[in-house]
Each structure stands twice: as structure tokens, then as C-alpha cells.
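In: My questions are about this predicted structure, shown below with the sequence.
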Amino acid sequence: MNKDGVPPLSVAEDRIQNAIRDAGGGAFLILTFGSLMGLRDNTMMTNMVSTLSTFNPVCFHLGARPIYWYGIMVALAFLAGVLHLTWLARKTGRPETAGSDIGFWLMLSGVIGGRVAYIMANYRDYLADPWTIIRVDQGGLIFYGGFIGAMMAGIIYSRVKREPFLVFSDYVITALPLAHALGRLGCFLNGCCYGSITLLPWRVFVNGTPRHPVQLYEALLGLMVYGVLLWAYGRVKIPGRVLAVYLMLYPVGRFIVEFWRGDPRQHGFGLTVAQNISLVLFAAGVALWFLAPVFARHGRTKPVAG
């Protein structure tokens, strides 16, 4: 047993681990996704996934400056969100520039909100080295903090553009789970937000300890929610109900995934903070689903008067 109470690797597993330890984040990601998607019956795939160890979170160097996988995936998440909103704008008669305009402000406010929440939760780590506060490229964002920040920016943006907030939110919320899924892949490649100890066949190793790949669980959750929102957007006619669908789906998945998180978590009322927020957002989603018709009847979804 090691210090975490996990049985030691076999000689064969240890040799595989040493051989592919430096394979890189891309290979690590492909192998693990292969296991999660049902390839774990393949002995070679299972062994490779089960014995992969930690890898370098740096993708490459630009001169002497390291470029981290996390920063790359956040940039890709932003790009994917903008492309999605631009595509959806064409289908709904919005200006083609809507995706980039909205995406910029929501991304900026989301990163700021996520970073502020992370610093508040880990402020002791930044007292010794305050300059690391701005190193977002190395990781350190809390999703619900980013969600709240982006929601506040969305309210302001919709008011400035004189667009009903529920109509606006139904449009932009469809991009969120796609961008979030890519962001979670960044967490996975960065080695943060890791899972609890497990010996399941699709386990991954973090600093030598086998853990749940919770980042991939949540990435898959995001892609599933994305598919549901795309289906709902063209079919649900009452403004606000697409947002309500998101609020009823993602928080449930996040609540469950939290039970498998292994990184330090803050708790309250016997649950993690994220689980408490998930319960609140789920309740808000249920309430919005039933209140959206009321808002529509009372003109809450009409353009704001100038």
C-alpha cells in the first residue's frame, strides 16, 4: 500500500507507465476518452489508461515562456463558443457579428468571475505570491463564479441592446455547455480539479494515485447538455425555458460529479459549496420553467423601451 492506501502497481503496469509517461497530453486524452467510450474491454487500452501517470501540463515553449494546455483549451473554448453563437445568429436572423460581440464580453466577465471565486476560495495560497493571481493560463477558475459573472454581464448587455433578457439568455446559454466541456478538458490536461481515489478500469493517475477522471465526466456531461439545448432551442417557444432546461440539467450532473471530486473542497450543510449552489440553480430552473409563461403574458419578454 502507498501513502494513500492504494495497492502498488504490478511490474508490467509500472513498465507501461514509465514507457508512456511522456507521451503528451493529446495521447493521454485520446486513450482515456477511448476507455470512457467503451473501449475498456480492449486489454491494451485498459492497461495503458490505467497506468498513465502525470504528464507535462506545458504544451510547448515560446522562447523561454511556457504555453500551458489549460490556456490553450480555454482559448479553444472561447473560439468554439463564438463560432456556435455566430452559426446560431445566422439561423435566427441576428447580425453575424453578434457571436463575437457577445462572446467577448461574456468570456471576459466569466473569466473574471471564475478567477475571483477561485482566489476567494484559496486566498491563503496567494498571500505569499500575489503576482500569480493574474496567471489564469495556469488554471484556477471556479465555474459557478464564472457563471455568475457572465450572467451579470448578460443582464447588462441585454439592457444596453434593448433585448429581453430571457430571449437573450436562451440564445447565449446554448454555447455555454460546449465551451465548458472544452474548459474541463483543459482542467484534465492541467491535472487540476482531479477526482477521488478509485481502482475502476478507466482510472487515471495523478501524482501516482489512481483517481476518477472527473474532468472527463463533466466534459461528457457538457456535451450531452449541449445536444439537449440545441434540440430545445428550435422547439421550445416560450422565452426563458431553454435557460430553465440548462438550469435543471447541468446542476444535477454537477451535484453527482462532486461526490467523486478528490481535490480540496469547501463544505457547508454537509455538502460541497458547488453542490449547494447546484441545488439553488436547479430550484431556480424549475421555478423559471413554470414562471416563463407568466413573464411572457405580462410582457417581460418584449424589447426594452428606449
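Out: Now that the structure is in, tell me what you want to look at.
In: List the residues that contact Phe165.
Out: Applying C-beta atoms under 8 Å, 6 or more residues apart in numbering to Phe165 gives the contacts 154-155, 158-159. From N, CA and C alone the C-beta is placed, and that goes for glycine too.
In: Please, a ChimeraX command that selects the buried ones among those residues?
Out: Applying 16 or more other C-beta atoms under 10 Å to those, the buried members can be selected in ChimeraX as follows:
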select :154,158
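In: quick one: which of the contacts of Phe165 is nearest Gly113?
Out: Gly154 (11.5 Å; C-beta to C-beta).
In: how about the helix or strand harbouring that closest one: buried residues?
Out: Using DSSP states H and E, Gly154 maps to helix 143-160. Within helix 143-160, the residues scored as buried using 16+ other C-beta under 10 Å are 143-151, 153-154, 157-158.
In: C-alpha coordinates for the helix or strand following that helix, CSV please?
Out: Remark: after helix 143-160, the chain's next helix or strand is helix 165-173, criterion DSSP H and E. In CSV, the C-alpha atoms belonging to helix 165-173 read as follows (Å, rounded to 0.1, in the frame of the first residue of the first chain):
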residue,chain,number,x,y,z
PHE,A,165,-33.1,39.1,-21.1
LEU,A,166,-35.0,35.8,-21.3
VAL,A,167,-34.8,35.9,-25.1
PHE,A,168,-31.1,36.8,-25.0
SER,A,169,-30.3,34.2,-22.3
ASP,A,170,-31.9,31.4,-24.3
TYR,A,171,-29.6,32.3,-27.2
VAL,A,172,-26.3,32.5,-25.3
ILE,A,173,-26.9,29.7,-22.9
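In: what about helix 165-173, distance to the chain center?
Out: 19 Å (C-alpha atoms, centre = their mean, to the nearest Å).
In: Tell me the buried residues in stretch 237-246?
Out: Neighbour-count burial for stretch 237-246, counted by 16+ other C-beta under 10 Å, picks out 238-246.
In: As TSV, the buried residues of helix 143-160 with distance to Gly114 and pLDDT would be great.
Out: Converted to TSV, the buried residues of helix 143-160 look like this (distance: C-beta to C-beta, whole Å; pLDDT from 0 to 100):
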residue	distance to Gly114	pLDDT
Phe143	7	84
Tyr144	8	82
Gly145	5	88
Gly146	3	89
Phe147	8	90
Ile148	9	91
Gly149	7	91
Ala150	9	90
Met151	12	91
Ala153	12	91
Gly154	15	91
Tyr157	18	91
Ser158	21	91
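In: Go through the residues you listed and name the one nearest Ser169.
Out: Gly154 (6.2 Å).
In: Distance check, the closest one against Thr92.
Out: 17 Å (C-beta to C-beta, to the nearest Å).
In: same thing with Val280?
Out: 30 Å.
In: do Ile102 as well
Out: 13 Å.
In: before we move on, the earlier item: so how far is the helix holding Gly154 from its chain's centroid?
Out: 16 Å.
In: List the contacts of it.
Out: 102, 105-118, 164-165, 168-169, 172, 176, 180, 183, 254, 274, 277, 304.
In: angle of it against helix 165-173?
Out: Interaxial angle, helix 143-160 versus helix 165-173 (axes from the mean of the first three to the mean of the last three C-alpha atoms, to 10 degrees): 130 degrees.
In: ok, which stretches of the protein are strands?
Out: 58-62, 65-68, 204-206, 209-211, 267-268, 271-272 (DSSP state E).
In: how about TSV for those, with mean neighbour count and distance to Asn190 added?
Out: What follows is the strands of the chain, written out as TSV (neighbours: other C-beta atoms under 10 Å; distance: least, C-beta to C-beta, whole Å):
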stretch	mean neighbour count	distance to Asn190
strand 58-62	12	10
strand 65-68	15	7
strand 204-206	22	11
strand 209-211	21	14
strand 267-268	10	24
strand 271-272	17	20
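In: can I get these in JSON lines with mean pLDDT and distance to Leu220?
Out: Converted to JSON lines, the strands of the chain look like this (pLDDT from 0 to 100; distance: least, C-beta to C-beta, whole Å):
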{"stretch": "strand 58-62", "mean pLDDT": "86", "distance to Leu220": "23"}
{"stretch": "strand 65-68", "mean pLDDT": "88", "distance to Leu220": "23"}
{"stretch": "strand 204-206", "mean pLDDT": "87", "distance to Leu220": "14"}
{"stretch": "strand 209-211", "mean pLDDT": "91", "distance to Leu220": "16"}
{"stretch": "strand 267-268", "mean pLDDT": "86", "distance to Leu220": "26"}
{"stretch": "strand 271-272", "mean pLDDT": "94", "distance to Leu220": "20"}
